[in-house]
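Participant: pasting the structure only:
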């Protein structure tokens with residue numbers, strides 16, 4: 001009997017190991033404080049370098065996110081460098097600056113005003129934009145490593161461009177309804193041609209599989225906003241009809257264009273966030289490497305929450321900057337009217353110092369908004385995705401994984417940044 005007990009224990013351990021090998025969770029170990037400190041340092045260095053440090057900030061952020069993401073106990077690695085992003089950006093600017101200069105010179109001539117060059121220039125810029133997006137994807141894949149082995153992309157730009165132009169046309173003609181089909185076609189081509197070492201990725205997602213999920217998610221989102229609008233009508237009507245002079249300013253805000261613009265942006269963000277959540281879950285659930293596959297349980301409300309928190313942070317930044325500017329202006333004009341007039345001038349005739357303060361305030365506001373986006377959206381969505389992701393049979397991939405020479409990503413992702421497509 002004493003000899004039988006170890007056998008039971010061994011059987012239990014083997015069974016537990018089999019379960020672990022069958023499915024392993026993806027964990028994220030990054031700390032909020034560490035990420036916030038990284039953003040604070042990067043923001044402080046971005047302002048005095050006129051934005052150039054942002055390429056190194058992006059690199060540090062990805063190293064933090066990748067390095068703290070563990071799949072089957074092994075962390076991801078990001079091998080990109082800020083200098084590569086900067087080089088790609090400079091290449092993009094070297095292309096765009098001569099084009100803009102040429103357009104400016106042609107605009108001074110009758111030939112430039114005829115519009116004969118608009119079509120070819122538009123097509124050329126669109127081709128450059130698509131090329132930049134393709135190189136962005138290739139760069140991120142080749143700079144991603146797992147267990148020291150880098151990813152690679154076997155797709156070519158010609159195949160991507162053909163699919164992109166065709167599905168872009170379909171999306172325009174269908175008033176946006178073909179967007180899920182376009183996304184599915186591009187993912188099948190790009191992800192299906194990815195490799196991790198010598199292991200080729202398989203992607204089985206279909207356009208209809210993504211489309212009906214997106215349409216259903218958008219329908220639910222529209223229903224929620226309609227309910228909110230219907231419930232808000234009585235409140236808005238009573239506010240407008242109220243005979244109270246002290247509510248005049250509130251009535252102006254509630255019925256003004258600013259409120260409706262904010263409401264439109266918020267509604268648009270929710271629709272986009274729902275699309276992102278559905279797309280990410282669908283994409284991960286159709287990705288596999290042989291018998292190793294990913295299983296995602298991402299919920300739309302998790303991603304929507306990230307975007308709503310970002311929206312609230314933007315409003316908070318705008319309010320704080322405007323409040324500080326107002327308080328500072330009141331203090332100066334009330335207590336030091338002559339000095340402030342001599343140093344700052346007036347709004348109609350501002351001095352260089354006033355202009356510098358205004359430009360600095362705008363740059364500070366944009367920097368804070370950028371930091372909020374990276375914290376609430378970039379980190380928030382990454383955390384939502386990884387916390388709901390698991391990998392089936394990860395050991396099978398680990399045992400088969402071998403090194404294979406990756407293809408170069410060329411100029412790198414910074415090229416897309418020149419076309420305002422960067423991170």
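Facilitator: Thanks, I have it. In this text the structure is predicted, and so the values were computed from the model without any measurement.
Participant: Give the helix, strand or coil label for the spatially most central residue of the chain.
Facilitator: Central residue of the chain (CA atoms, centre = their mean): residue 378, 5.9 Å from the mean position. Classification of residue 378 by DSSP: H, G, I helix; E, B strand; the rest coil places it in helix.
Participant: That one and residue 58 touch, don't they?
Facilitator: No: with contacts counted by CB atoms under 8 Å, residue 378 stays clear of residue 58, the gap being 9.6 Å. Just so you know, the C-beta spots here come from the backbone N, C-alpha and C atoms, and that holds for glycine as well.
Participant: about what we covered before: disregarding residues adjacent in the polypeptide, which is nearest to the residue nearest to the centre of the chain?
Facilitator: Of all residues not flanking residue 378 in the chain, residue 61 sits nearest, at 6.8 Å (CB to CB, 6 or more residues apart in numbering).
Participant: Now for that neighbour: which residues touch it?
Facilitator: By CB atoms under 8 Å, 6 or more residues apart in numbering, the residues touching residue 61 are 35, 38, 39, 42, 374, 378, 379.
Participant: can I get the residues you listed in JSON lines with pLDDT and secondary structure?
Facilitator: Supplementary listing: those in JSON lines, determined by pLDDT from 0 to 100; DSSP: H, G, I helix; E, B strand; the rest coil:
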{"residue": "35", "pLDDT": "96", "secondary structure": "helix"}
{"residue": "38", "pLDDT": "94", "secondary structure": "helix"}
{"residue": "39", "pLDDT": "94", "secondary structure": "helix"}
{"residue": "42", "pLDDT": "92", "secondary structure": "helix"}
{"residue": "374", "pLDDT": "95", "secondary structure": "helix"}
{"residue": "378", "pLDDT": "95", "secondary structure": "helix"}
{"residue": "379", "pLDDT": "96", "secondary structure": "helix"}
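Participant: Would you reformat these as TSV and include distance to residue 290?
Facilitator: TSV is the format used below for the contacts of residue 61 (distance: CB to CB, whole Å):
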residue	distance to residue 290
35	34
38	36
39	38
42	39
374	35
378	31
379	31
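Participant: most surrounded residue in those?
Facilitator: Within those, most neighbours by other CB atoms under 10 Å means residue 39, with 24 neighbours.
Participant: which ones are touching it?
Facilitator: Contacts of residue 39 (CB under 8 Å, 6+ apart): 57, 61, 371, 374, 375.
Participant: mind checking how far it is from residue 384?
Facilitator: Here residue 39 is placed at a distance of 18 Å from residue 384 (CB to CB, to the nearest Å).
Participant: Likewise for residue 307?
Facilitator: As judged by CB to CB, residue 307 and residue 384 stand 11 Å apart.
Participant: now residue 375
Facilitator: For residue 375, the distance to residue 384 - CB to CB - is 13 Å.
Participant: Equivalent analysis for residue 275, please.
Facilitator: On the measure of CB to CB, residue 275 and residue 384 end up 15 Å apart.
Participant: out of the contacts of residue 39, what pair is the most spread apart?
Facilitator: Farthest apart among the contacts of residue 39 by CB to CB are 57 and 375. That separation is 12.3 Å.
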